[in-house]
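Asks: for reference, the sequence and a predicted model appear below.
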Amino acid sequence: MKAPADQPLIFRYLSQQSYSDVFQLMKQFTESRQPETADEVWLLEHDPVFTQGQAGKTEHVLLPGNIPVVQADRGGQVTYHGPGQLLGYLLLNLKRLGCGVRELVTLIEQTLIDTLAQFNLEAAAKPDAPGVYVNGAKIASLGLRVRRGCSYHGFALNVNMDLEPFARINPCGYAGMKMADMAGLLTRPKLTLGEVSAIIQQGLQQRLGYTRVVTHGSTAQTETNTDWD
């Protein structure tokens, strides 16, 4: 990766947000960014929502009930977002980084696989179905959009959440797909998004080639410099 030497990678921790609101902010950020705009990663949770990708088919939404269905402009089919799921939105200038879309997908998948390994969970990607899987069950979904050489959207990692809403859809267009979350596999109900986010932040920084990050949270702003071997 060719991360700009004079810029940090900015991480924003946004807590729990409406999907529609953040979706609009991502599009606005991407539309208005300039060649010198710093890359950002947003880490957050969403209020319960089903989202349809650009090619999403209505037959994959089975019984949404009182959970809204929102049309998005990412790739892929329908998925569910809700509390206890970690969303990572990667707002990156791919042209400046010298990174292609397939390379970015692999980078995200490997970051998630390495993160899960830190909790002794053996995970893998599937070449024919983007995402990350543990024992055949999907634990993380991916969906991206690239506009003017810049990416937005990203990944959803099931950390400690209610998986029932996935039964109301065909997740990612696959009927009967098994879903999992980290807390269920670890039998650790107190597993927090914060401890998982910290590992993901370090992994993304390293893989994207940044030596400096600026972190914005709800209560603090920090800056760190890291030299990677």
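Replies: Received, thanks. Residues are numbered from 1 along each chain as shown.
Asks: pull the contacting residues for Leu9.
Replies: Residues in contact with Leu9, defined by C-beta atoms under 8 Å, 6 or more residues apart in numbering, are Ala3, Ala38, Asp39, Glu40, Val41, Leu204, Gln205, Leu208, Tyr210, Arg212, Val213, Val214. C-betas here are computed from N, CA, C, even on glycine.
Asks: who's in contact with the residue nearest in space to the middle of the chain?
Replies: Taking C-alpha atoms, centre = their mean as the criterion, Phe155 is the residue nearest the geometric centre of the chain, at 2.1 Å. Residues near Phe155 by C-beta under 8 Å, 6+ apart: Leu87, Gly88, Leu90, Ile108, Leu112, Ala140, Ser141, Leu142, Gly143.
Asks: hang on, it in a helix?
Replies: No - in this structure, Phe155 is strand, not part of a helix, as judged by DSSP: H, G, I helix; E, B strand; the rest coil.
Asks: how close does it get to Asn66?
Replies: Plainly put, Phe155 is 26 Å away from Asn66 if you go by C-beta to C-beta, to the nearest Å.
Asks: how about the strands of the chain, start to end?
Replies: 9-17, 40-46, 49-52, 69-71, 79-81, 85-93, 124-125, 132-134, 137-147, 150-158, 212-216, 221-225 (DSSP state E).
Asks: for Gly194, find the nearest of these.
Replies: Ranking the strands of the chain by distance to Gly194, with C-beta to C-beta as the measure, places strand 9-17 first at 8.4 Å.
Asks: go through that closest one and flag the buried ones.
Replies: Along strand 9-17, these residues count as buried under the neighbour rule (16 or more other C-beta atoms under 10 Å): Leu9, Ile10, Phe11, Arg12, Tyr13, Leu14, Gln17.
Asks: can you redo those as TSV with pLDDT?
Replies: Conversion of the buried residues of strand 9-17 to TSV gives the following (pLDDT from 0 to 100):
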residue	pLDDT
Leu9	97
Ile10	97
Phe11	97
Arg12	97
Tyr13	96
Leu14	95
Gln17	96
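Asks: can you list those residues in TSV and add distance to Arg168?
Replies: Shown next, in TSV, are the buried residues of strand 9-17 (distance: C-beta to C-beta, whole Å):
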residue	distance to Arg168
Leu9	36
Ile10	35
Phe11	32
Arg12	30
Tyr13	29
Leu14	26
Gln17	22
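Asks: may I ask which helix or strand of the protein has the lowest mean pLDDT?
Replies: Comparing helices and strands within the chain by mean pLDDT, DSSP states H and E singles out strand 221-225 as the least confident, with a mean of 45.
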